[in-house]
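1. got a predicted structure plus its sequence, pasted below:
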Amino acid sequence: MTTNTTDPQTSDRPLERGRTFRHWGGTWTLVAPAPDGEGSWVALNTDTHAMAILTVVDVVWTGQTLDDHQLAIEVATAWHALHQRWERVQARLAEKEQMITDIRAYAIDRHLEGAFCRDGLNTALRHFDLEPYQPRYHVPITLSATVHITADDADSAQQRVRYLIDGIAYSGDSDDDEVEIALDDTQVGDPETP
């Protein structure tokens, strides 16, 4: 329900919740005073359901005032519209993320088919702020070895061998040469003297 005033141009009435005015090509309604200062109000565009904080000066009042019930309906409608827009934006962002993932996977597949070299692929990926292609392979190795080591006693020999095994790692000259070794199962036998 709206209440009409006698003169739509009258601006000497105090600002109050529910008063409507024309601004930026739309019809706006005062919702509540803004917390940031005098003369600023949270206003709702009843045409687009947008909300904004506006400094209300020199506006053209429509001569209508929404009652609290109608204003609550308009605010709820605006919130619903905003929520729907947010959901659409989130869906579009998810689509774009998936598209970027798909494009990267396609480019890697084309590289693996020999369409272009790895350096060319990574140059293109870096151009679009995507992670470079660095293939990693899991290569299981079964190894049995006998280590000949000089030590003061059997415990020292066993500890040194254990230390060497636990610390196995190789770092190459570049990231392409890097190797990470995970020791799944290691067994160090009892030292024996020859």
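-> Cool, the structure landed.

2. and the lengthiest helix in the chain, what does it pack against?
-> When secondary structure is assigned using DSSP state H, the longest helix within the chain turns out to be helix 68-112. Identification of packing neighbours for helix 68-112 by 3 or more Cβ pairs under 8 Å, 6 or more residues apart in numbering; DSSP states H and E yields strand 26-33, strand 40-45, helix 118-127. The C-beta positions use only the backbone N, C-alpha and C, and glycine is treated the same way.

3. in the shortest one, what's buried?
-> Of the residues in strand 40-45, those scored as buried under the neighbour-count criterion (16 or more other Cβ atoms under 10 Å) are Trp41, Val42, Ala43, Leu44, Asn45.

4. with the last one instead?
-> Residues of helix 118-127 classed as buried under the neighbour-count rule (16+ other Cβ under 10 Å) are Leu121, Asn122, Ala124, Leu125.

5. quickly check the residues you listed for the two that are furthest apart.
-> Based on Cβ to Cβ, the longest span within these runs between Asn122 and Ala124 and measures 7.3 Å.

6. what's the domain layout of this protein?
-> With automatic domain parsing as the criterion, the domains of the chain are listed as 2-66, 75-127, 138-194.

7. out of these, which one sits most buried?
-> Among the domains of the chain, ranked by average contacts under mean count of other Cβ atoms under 10 Å, first place goes to domain 2-66 (a mean of 15).

8. report the distance from stretch 79-90 to the chain centre.
-> Using Cα atoms, centre = their mean, to the nearest Å, the mean C-alpha position of stretch 79-90 is found 17 Å from that of the whole chain.
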